[in-house]
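# Kindly return the folded structure for what I paste below:
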Amino acid sequence: METQVKNAIHEIPDLQRVPDPVSPYDASLKTIVVDNGSYECKVGWNSDPAPRMIFRSHSTKIRGQKGGEICVGNDIANYEASGWMPLKSPFEKNIASHPEIQEHIFDHIFTKLGFHGEASRIDHQIVVTEPICNPNYYRQYMSELLFECYGVPSVVYGIDSMLSLEHNIPHVQNALVIGLGHAVCHVVPVLGNEVQFKRSKRISIGGQNVVATLQRLLQLKHPHLAAAINNSRSEYLTHTFCEFALDYDDAVLKFRDVEHLNKNTTRIQLPLKSIQAAATATTTAGKMDVCYAIIQRVESVMSQKYKMKLNDSQEKLKQLLVIHEMAVCEEDPRKRIFTLNDLGFDSLEEVEATISMLRHRIENTLQSDLPPIVDLCHYSDPESWLLSLRRVREDLKSKISDDSDAQRPYGSREERLSDEETLDRIELIIFETEREFRRPSVLDLDNLRSSSAISKFYQLLLSTEKYRAPEVLFQPTAMLGLEQPGLIETVDRVLQQFEIGEQRDMAQKIFVTGGPACIPGLKERLEREIRAIRPFQSDFEIIMARQPDLDAWNGAKAIASDESVLQFAVSREDYDEFGPDFIKKFKWSNIYAPSPLVVRI
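Next up is the predicted model:
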């Protein structure tokens, strides 16, 4: 069995993205089709057989460059590279709610389609997908961008899952659409050629939850490779190896058997060089991140230590203030001296001096910070930083030694105590840093004796995880602790809103679309689960989209070539007359409900 498992090793390919080429502009082309998905954006002309561009709906720029070029989608070759700023998406869940980032994406789209220069007018009609029940407020952003910034003549808005339905089942009258998205899933009934908006349901889980679950499971299983199991690789593993179990409990319990475990465990070989670089922090930026973490750790430890000292000083100060008040209020000098002597003081001046010293000590403790030379921003590598720390350490030792040999007033003594606290911190930082970089990394190739040992060390074992990650769509409460119904429970709730005959009509065409529908085993699982909630011996049919991740764009392309649909496009005149949130309703669009006027009192 072991030999069989060793032979089943899959390598993760290079996941770096290639920038999209700039297409030559052709004025004869008519309509631009944009499937504006929260995971990927698909773009092309209505005459294209497939999208010209498919890229992630993200933008960012190079770290540390003010006013630097903004990169979008495939122009970001490696999302995990440390040189990039954090990725920004125009979406909150599935709603495009950040117009400034959406503008970056539109700039990228039109540039790649051959429109050059900021002053270029987009004199082409545009078809854009949007989620079901998209709020007017956010459609307003989209229309303002297209009409005001780019000068488009007209735009058609269509519901992504409904366009996919029309592409796969043209002229359908009754159906139940299960739209699986990146962030959310929808169950939408279609009855009598009309979308039943009020009876539709949304659950706030999607493909990103599947990826995140798989990533976390593998990181917990292989903690020494946690840094190597990044989001890009987790997405690749999800798309390549995950599948829906027909019976989840049975599929997972089978892995208790060692023979079944060995036979059905997939070995994933991670790229050695890239993992080595990431895990051992061979880059300067990686080493400086380690130094920063050490400083934070030391500060946490020392703050606890000095917090105890601070509490003692504050308590002693309170007692001395009470003693001082009693001595001042005592009018008889002989009784005052007797009381002070009884408390260990020779005079009122000594009490006042001690109070002053304690206040100074408390102030120094509260303001005790590391010297500016410790700040990492002044250095580009750990070696020069450590060298400066050692110099500061020697200077402090010399200063403390000189102060202890001389007779100093109270203020200088407190200054010496502050120097000692700073020295303690620097000593601990130096010790932790030297230990961190002196310790041989368990991931260092030089510490592994053979190439086979190296390869095995960099392997992920994928067993129950390939079933557990997709299961979050069916059992979000059990798997993630989310107070949400699963996919089947939502389907049942939607169907229960209709009469028996209407349920039967919709159940004849249960259509499934969206990126997560590409995961194998979904159709069989849905058939099993829906059969359990439908009446005995009732008929139903599960219809999977031919290309679940592309059919929203294909459906949008179809209506872009349909003159009967293009009459429902919102023109610039409509935009000016009815407002930026206005749309014209057709079969597969959202309905238009005018936003109430804001009355200011």
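# what is residue 571 paired to in the beta sheet?
Residue 571 forms beta bridges with residue 154, as assigned by DSSP bridges.
# So it sits against residue 154, correct?
Yes - contact criterion CB atoms under 8 Å: residue 571 and residue 154 qualify, at 4.6 Å. (C-beta placed from N, C-alpha, C; glycine too.)
# okay, these two: which has more neighbours?
Relative neighbour count places residue 154 above the other of residue 571 and residue 154, with 21 against 15, counting by other CB atoms under 10 Å.
# all strands of the stretch 201-350 of the chain, in order?
Residue ranges of the strands in the stretch 201-350 of the chain, as given by DSSP state E, counting those that start in this stretch, are 201-203, 266-269.
# Contacts for the last one next, please.
Strand 266-269 has contacts (CB atoms under 8 Å, 6 or more residues apart in numbering) with 5-6, 8-12, 237, 241, 455, 458-463, 466.
# For the helix or strand hosting residue 186, which strands pair with it and how are they oriented?
Applying DSSP states H and E as the criterion places residue 186 in strand 185-191. With DSSP bridges as the test, strand 185-191 is paired with strand 175-180 (antiparallel), strand 194-195 (antiparallel), strand 201-203 (antiparallel).
# which one of the ones you listed has the most crowded surroundings?
Of all the strands paired with strand 185-191, strand 175-180 carries the top mean neighbour count, a mean of 27, counting by mean count of other CB atoms under 10 Å.
# Alpha carbons of that one, in CSV - could you do that?
The C-alpha trace of strand 175-180 is given here as CSV (Å, rounded to 0.1, in the frame of the first residue of the first chain):
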residue,chain,number,x,y,z
ALA,A,175,-37.2,26.6,-12.7
LEU,A,176,-35.4,26.6,-9.4
VAL,A,177,-32.0,28.3,-9.8
ILE,A,178,-29.2,27.5,-7.3
GLY,A,179,-26.6,30.1,-7.8
LEU,A,180,-23.3,29.3,-6.1
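# where in the stretch 351-500 of the chain is pLDDT low?
364-380, 403-418, 438-454 (pLDDT under 70).
# which residues of it fall in strands?
Here the stretch 351-500 of the chain has its strands, by DSSP E, counting those that start in this stretch, at 459-462.
# And stretch 28-38, what's buried?
By 16 or more other CB atoms under 10 Å, the buried positions in stretch 28-38 come out as 29, 31-38.
# What residue spans form the domains of this structure?
Following automatic domain parsing, one finds the domains of the chain at 209-272+445-468, 284-438.
# Turn the ones you listed into JSON lines, including distance to residue 172 and mean neighbour count.
As requested, the domains of the chain are exported to JSON lines (distance: least, CB to CB, whole Å; neighbours: other CB atoms under 10 Å):
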{"stretch": "domain 209-272+445-468", "distance to residue 172": "25", "mean neighbour count": "17"}
{"stretch": "domain 284-438", "distance to residue 172": "54", "mean neighbour count": "14"}
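# Reformat those domains as a markdown table; add distance to residue 476.
Shown next, in a markdown table, are these (distance: least, CB to CB, whole Å):
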| stretch | distance to residue 476 |
| --- | --- |
| domain 209-272+445-468 | 8 |
| domain 284-438 | 34 |
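# Much appreciated, bye for now.
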